[in-house]
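# Okay, structure incoming, though there's no sequence with it:
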């Protein structure tokens, strides 16, 4: 929480927090959004942004100054934020490049649909679960446009509140070592399912977990994208530590773990497809290099490498414990896995893990070498 008279700096913008809430650690998600906004502006020649939960206005300001937005609707449901928004967004308002509203986000989405006033990028920076806005936010974005969703409900996403997971996502999330990736996949799967009810689909351009916040940038596309292959279940054995994807048709034939005969926990349904669009991330990476953002370049490189690997990861500590030896450095383990022909990568979610086509037993065997 910042003081009203303390000037904050993020990217190239200066602003005040006022009575609002500001998390500096969430800048990584805003930086990636700016890169995506710039790509959309370059591709379309114009960019209209709806910041549906503007807070103190830092995102709106950055979309305008750094993202190249031609128009920004900064909506903040709390009218007590009007003063600080007027102050922070004064230059944008003076340039007649946006406006401030104080309405419930869902009402704004419906108004956009009713007026056929669709936006190129809709940012939904909600607190807790974004599920109340999954369907309605799609009403405000043009076909081919972007929707950026946020979740801060980590306990539900990681399987610590299973009944709440059922109520929120229509899915049963269980606790396992890849719980934070599960959080991203539950969010993607739920959004994909909501788009499918409209005969549409969404493509995840990038999926980010950082500092207890989940963010996914989607592109709304024509034609349903949800299939039995990319929307299913994840089985995990707490005894041997192995994962396996399970399709809908296999639900009635789930057997105990074939390695040790123990029962397995099942999470889902969730998105099992790619976490990111690699080609889109490569374009973002080029922009980040031009921008002089080395940390974002490194992050995007990891995300590119992990994009289409299996929907889980193995923690280095678990590999070390099962190998009975000191934990092998991540890069050394990755080199061994790749040398044996297994596609493998670091995980952007945690530096203490690897994503790989190899099973855990193979990782343990290589750690013992």
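Yes, it's here. Quick caveat: nothing in here was measured; it's all calculated off a predicted structure. Residues are numbered from 1 along each chain as shown.
# for stretch 287-305, the distance to its chain's centre please.
Taking C-alpha atoms, centre = their mean, to the nearest Å, one finds stretch 287-305 lying 16 Å from the centre of the chain it belongs to.
# can I assume residue 207 sits in a strand?
Yes: according to DSSP: H, G, I helix; E, B strand; the rest coil, residue 207 belongs to a strand.
# Let's see the pLDDT reported for it.
What the model reports as pLDDT for residue 207 is 98.
# How many residues are close by it?
25 (other C-beta atoms under 10 Å). C-beta: built from backbone N, CA, C; applies to glycine.
# Wait, it touches residue 216, no?
Yes: if you go by C-beta atoms under 8 Å, residue 207 and residue 216 touch, sitting 4.7 Å apart.
# what sits in contact with each of these two?
184, 188 (C-beta atoms under 8 Å, 6 or more residues apart in numbering).
# mind checking which helix or strand residue 147 is in?
strand 141-151 (DSSP states H and E).
# Which neighbours in the sheet does that strand have, and how are they oriented?
Strand 141-151 pairs in its sheet with strand 119-124 (parallel), strand 213-222 (antiparallel), by DSSP bridges.
# can you list contacts of the helix or strand following the shortest one?
Note on strand 119-124: by DSSP H and E, the next helix or strand toward the C-terminus is helix 134-137. For helix 134-137, contacts defined as C-beta under 8 Å, 6+ apart pick out 52, 105-106, 109-110, 122, 124, 147, 149, 190-191, 194, 197.
# Pick the one among these closest to residue 309.
residue 191 (21.1 Å; C-beta to C-beta).
# Relative to the whole chain's centre, how far out is the helix or strand where that closest one lies?
According to DSSP H and E, residue 191 maps onto helix 179-196. Relative to its chain's centre, helix 179-196 lies at 9 Å (C-alpha atoms, centre = their mean).
# Identify each buried residue in that helix, please.
Of the residues in helix 179-196, 179-196 count as buried by neighbour count, 16 or more other C-beta atoms under 10 Å.
# try stretch 77-93
77, 81, 84-85, 88-89, 92-93.
# repeat for stretch 93-101
93, 98, 100-101.
# Could you give the number of residues near residue 124?
23.
# Name all residues that make contact with residue 112.
Contacts of residue 112 by C-beta under 8 Å, 6+ apart are 50, 118-119, 139-140.
# before we move on, back to that, tell me which residues are up against the strand holding residue 147.
Taking contacts as C-beta under 8 Å, 6+ apart, the residues outside strand 141-151 that touch it are 29, 33, 36, 40, 50, 118-126, 128-130, 133-134, 137-138, 157, 183, 187, 191, 200, 202, 205, 213-222.
# Centre of the chain to the helix or strand hosting residue 41, how far?
Element membership for residue 41 (DSSP H and E) is helix 27-44. What separates the centre of helix 27-44 from the centre of its chain is 14 Å, taken as C-alpha atoms, centre = their mean.
# picking up where we left off before, same list as before, the strands paired with strand 141-151 that is, but in TSV and with distance to residue 161 and mean pLDDT included.
Formatted as TSV, the strands paired with strand 141-151 follow (distance: least, C-beta to C-beta, whole Å; pLDDT from 0 to 100):
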stretch	distance to residue 161	mean pLDDT
strand 119-124	22	98
strand 213-222	15	98
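# Tabulate the ones you listed in a markdown table, adding columns for distance to residue 18.
Compiled in a markdown table, those are given as follows (distance: least, C-beta to C-beta, whole Å):
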| stretch | distance to residue 18 |
| --- | --- |
| strand 119-124 | 20 |
| strand 213-222 | 21 |
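# deepest of those, which one?
Ranked by mean neighbour count, those are led by strand 119-124 with a mean of 25 (mean count of other C-beta atoms under 10 Å).
# Give me the contacts around it.
Residues beyond strand 119-124 that count as contacts (C-beta under 8 Å, 6+ apart) turn out to be 33, 36-37, 40, 44, 46-53, 59, 63, 69, 73, 105, 109, 112, 130, 133, 137, 140-142, 145-150.
# just stretch 235-248 next, same as before
174, 176-178, 228-229, 232-234, 254, 257, 259-260, 262-269, 272, 310-312, 314, 318, 322, 359-361.
# mind redoing it with 7 Å?
Applying C-beta atoms under 7 Å, 6 or more residues apart in numbering, the external contacts of stretch 235-248 come out as 174, 176, 228, 232-234, 254, 257, 259-260, 262, 264-266, 272, 311-312, 318, 322, 359-360.
# Drop the exposed ones from those residues and show what's left.
Listed as buried from the contacts of stretch 235-248 are 174, 176, 232-234, 257, 264, 266, 272, 311-312, 318, 322, 359-360; burial here means 16+ other C-beta under 10 Å.
# Strands - which of these land there?
Cross-referencing the buried ones among the contacts of stretch 235-248 against strands under DSSP state E gives 232-234, 266.
# List just the nearest of the residues you listed to residue 353.
Within these, proximity to residue 353 (C-beta to C-beta) peaks at residue 234, which comes in at 15.6 Å.
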